[in-house]
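Peer 1: build me a structure from this.
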Amino acid sequence: MGAMAVLLSVTVAGWAADKACLLEGKLVVGSQVLEIKDCMANAGVDAARFADTCKAIADIGAGMGAPPKLTYLPACPAAPQAVCEGMMGQPVHAYYYKRGAADLEDTKSGCMAQGGKWRPGK
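Peer 2: This next block holds a predicted model:
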């Protein structure tokens, strides 16, 4: 790979890192194994802080099973089950994709309790 291709790859990855991060993996909660696919979209947080937040959430997940795969994207994937807008009162939106009904309801309650706005997916 030429130097220009490497530079372009790094530039594109750096650009995407401040837009969205996708976390995929399996978490162990008690005796239950949960498959997750969650994405956070940056809606106005400093790029470095957003990347730190994505990594911190992945690190928490690592303590609950295998470390989730963390992928930076230009946007979260389409067709989420639901979205928590303004997660934890911050300009960050959380998208949820592989949640069971009870887990999704708990996630909704947590979103709203922390000042977020819950929006069902399409």
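Peer 1: neighbours around residue 115, how many?
Peer 2: 12 (other C-beta atoms under 10 Å). Quick note: C-beta positions are derived from backbone N, CA and C, even for glycine.
Peer 1: report pLDDT for it.
Peer 2: Note on residue 115: pLDDT of 92.
Peer 1: and if you look at residue 11?
Peer 2: Residue 11 is assigned a pLDDT of 33 by the prediction.
Peer 1: next up, identify which helix or strand the residue nearest in space to the middle of the chain is on.
Peer 2: The residue lying closest to the centre of the chain (C-alpha atoms, centre = their mean) is residue 39, at 2.7 Å. If you go by DSSP states H and E, residue 39 is part of strand 32-42.
Peer 1: show me what that strand is packed up against.
Peer 2: strand 20-29, helix 47-62, strand 92-96 (3 or more C-beta pairs under 8 Å, 6 or more residues apart in numbering; DSSP states H and E).
Peer 1: quick revisit: once you drop chain neighbours, what's closest to the residue nearest to the centre of the chain?
Peer 2: residue 76 (3.7 Å; C-beta to C-beta, 6 or more residues apart in numbering).
Peer 1: just the element for the one you found, please.
Peer 2: Residue 76 is part of no helix or strand, with elements assigned from DSSP H and E.
Peer 1: now tabulate the helices and strands packed on strand 32-42 in TSV and tack on mean pLDDT and distance to residue 102.
Peer 2: Below are the helices and strands packed on strand 32-42 laid out as TSV (pLDDT from 0 to 100; distance: least, C-beta to C-beta, whole Å):
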stretch	mean pLDDT	distance to residue 102
strand 20-29	87	12
helix 47-62	87	19
strand 92-96	95	13
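Peer 1: just name the most buried of the ones you listed.
Peer 2: strand 92-96 (a mean of 22; mean count of other C-beta atoms under 10 Å).
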